[in-house]
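Student: 3D model of this:
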Amino acid sequence: MSDHCVPLVAVNAGSSLTYLTGLSFHVSERPAILVIPTEGSPCFFFPEFEHEKVNRAGMDLRTFPYPEDTGQWPAVMSRLINSIASQKGEIAVPPEEFRFLEMRLIQQAAPGITFSSAAKIFQSLLVIKDAQEQAAIRKAIAIAEEAFRQTFHAIRAGRTETEIANQLVIHLLEQGSSPELPFSPIVASGPNSADPHALPGGRVFQSGDLIVIDWGACWDGYISDITRTVSLGEPSHQAAAIAELVAAANQAGRSKAGPGIPASDVDAAARNVIATGGYRENFIHRTGHGIGLKAHEEPYISSAETSPLADGMTFTVEPGIYLPGWGGIRIEDNVLITSSGADTLTTLPRELWIAPA
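Tutor: Numbers count the residues shown, from 1 in each chain. You can find the predicted model right below:
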C-alpha cells in the first residue's frame, strides 16, 4: 500500500479476504468488509453472529460486528470509518470483487470518500505462490485427475451431458475436493463442443461425438483447472488430425514457458502451431490464465500480456480448435514456473480419450 501511495484498502467476502486473514465468508446479502490502513490494525465489519469464527482467526483485528437489523449497519460502519478518520480520503478495492452494497455502506459513513482499484496491489501479492500454495494446487490437481478417471468409465452413447457433469461432481467430492468447486464442470458434446464455455444440457451422446470436458477441484482454497477431450468411438480422420495439432500446440506453449519469458511468447508459441496447421481463425480465446485462489487471475497467457513469467507463477495452457456445427477439441494443463524452467503439474494423457460408442 505504501509503495502504491494508497492509504486504505478494503476487501469484501471472497478470495482476497481469505488470503489476507484465513477467514472464509460467503458472498451474500450480509457484507463482510475488511478495511486495512497503512498504519494500525485492520478493521473488520461483519455479522455479529460470526463473532466466534472471527475470534478463532487469532488476528489483530479491530472488530465492528453488526446486528441483523439493516437499519443499524450504517452506524456501525460510521464507527469503523471514524476510527481511521485521518486516512479516509481514498479506499482502494479489488475491482472484480467489491460490490455496490459494500461501496454504498462506506459512502453512507463517509460521503466524501473516493474509490480506486487495488488490482496492482493484489496482483503483486497473489501472482507468486509459495511452497504451501503450490502444494495445495498440486493436491487439487490430483483430486481432479482421479475424479476424471472414475468418471470416464461412465461415458458412453445414450448418456447426457448433464449426467456426466453430475457424475464428475460426485467423484470430485468423493476424492476430497471442497464442496465449493472453482466452477461448474463443462461437458459439451458433438456440435456443442464448438462453444468453449458451453453449459451441460440434455443432449444425448452419439457415436462419433467429440466431448470436451473442463473441470477442476478445490483444496484448502486453491484450485485446479483441466480440460481433456473424449471421442465416443474411434475418431474420424479429421478429429484425429485436429487432436494431434492441439496437442502439439499445448506442448509448444508449455515448452516455451519459463522464468523471464513474456506471457505473450507462450501464447504465440501455441497459436503459431495452430495457425501453421490451417486453423488460425478457429483458436478463438487466449492460451491460458493464472490459477490460485481463483480460477482466473494473473498471469493471463495472451498476446496482450508482455510481462515476464516468474518463479512461483501458476497458470493454464489450453489451446483449442472450434469448428461451428462440427465440434471442438481443447487440451488444458496446469503449469508452474520454477527458477530453472516450467513444470507441468497435470499428468493425464493429452491425446483423445476414446470411450466405447
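
Student: buried ones in stretch 182-190?
Tutor: 182, 185-190 (16 or more other Cβ atoms under 10 Å). In short, each C-beta sits where N, CA and C put it, glycine included.

Student: now those residues in TSV, with pLDDT?
Tutor: Converted to TSV, the buried residues of stretch 182-190 look like this (pLDDT from 0 to 100):
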residue	pLDDT
P182	96
P185	98
I186	98
V187	98
A188	98
S189	98
G190	98
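
Student: Among those residues, which one sits closest to N12?
Tutor: For the buried residues of stretch 182-190, the minimum distance to N12 (Cβ to Cβ) is 19.0 Å, reached by P182.

Student: Do I have it right that that closest one meets E297?
Tutor: No: in this structure, P182 is not within contact of E297 by Cβ atoms under 8 Å, at 11.1 Å.

Student: mind listing which of the buried residues of stretch 182-190 are in helices?
Tutor: When DSSP state H is applied, those are split such that none fall in helices.

Student: need these in CSV with distance to L323, can you?
Tutor: Formatted as CSV, the buried residues of stretch 182-190 follow (distance: Cβ to Cβ, whole Å):
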residue, distance to L323
P182, 28
P185, 22
I186, 17
V187, 19
A188, 13
S189, 14
G190, 12
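
Student: which residues sit in contact with G253?
Tutor: By Cβ atoms under 8 Å, 6 or more residues apart in numbering, the residues touching G253 are 266-267, 269-270, 287-288, 301, 317, 319.

Student: got the buried residues for the helix or strand hosting it?
Tutor: Following DSSP states H and E, one finds G253 within helix 237-256. Applying a neighbour-count criterion of 16+ other Cβ under 10 Å, one finds 239, 242-243, 245-254, 256 buried in helix 237-256.

Student: quick one on the thing from earlier: and the contacts of G253, which two are furthest apart?
Tutor: Across those, the longest distance by Cβ to Cβ is 11.4 Å; it joins A269 and G288.

Student: Check for me that E68 belongs to a helix.
Tutor: No: counting by DSSP: H, G, I helix; E, B strand; the rest coil, E68 is not part of a helix but coil.

Student: can you pull out the strands in the stretch 1-150 of the chain?
Tutor: With strands called from DSSP state E, counting those that start in this stretch, the stretch 1-150 of the chain shows them at 8-12, 33-37, 43-47, 62-66, 90-93, 114-117.

Student: What are the buried residues along the last one?
Tutor: Just to be clear, that refers to strand 114-117. Taking 16+ other Cβ under 10 Å as the basis for neighbour counts, the residues of strand 114-117 that come out buried are F115.

Student: List the pairing partners of that strand within its sheet, with orientation.
Tutor: Here strand 114-117 is paired, per DSSP bridges, with strand 90-93 (parallel).

Student: At which residues are the helices of the stretch 101-250 of the chain located?
Tutor: Listed in chain order, the helices of the stretch 101-250 of the chain (DSSP state H, counting those that start in this stretch) span 119-126, 131-152, 161-174, 237-256.

Student: weakest of those helices by average pLDDT?
Tutor: For the helices of the stretch 101-250 of the chain, the stretch scoring lowest in mean pLDDT is helix 119-126; its value is a mean of 89.

Student: Any buried residues in that helix, and which?
Tutor: 121-122, 126.

Student: Turn those into JSON lines, columns for distance to F25.
Tutor: JSON lines is the format used below for the buried residues of helix 119-126 (distance: Cβ to Cβ, whole Å):
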{"residue": "I121", "distance to F25": "20"}
{"residue": "F122", "distance to F25": "17"}
{"residue": "L126", "distance to F25": "18"}
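
Student: Noted, bye for now.
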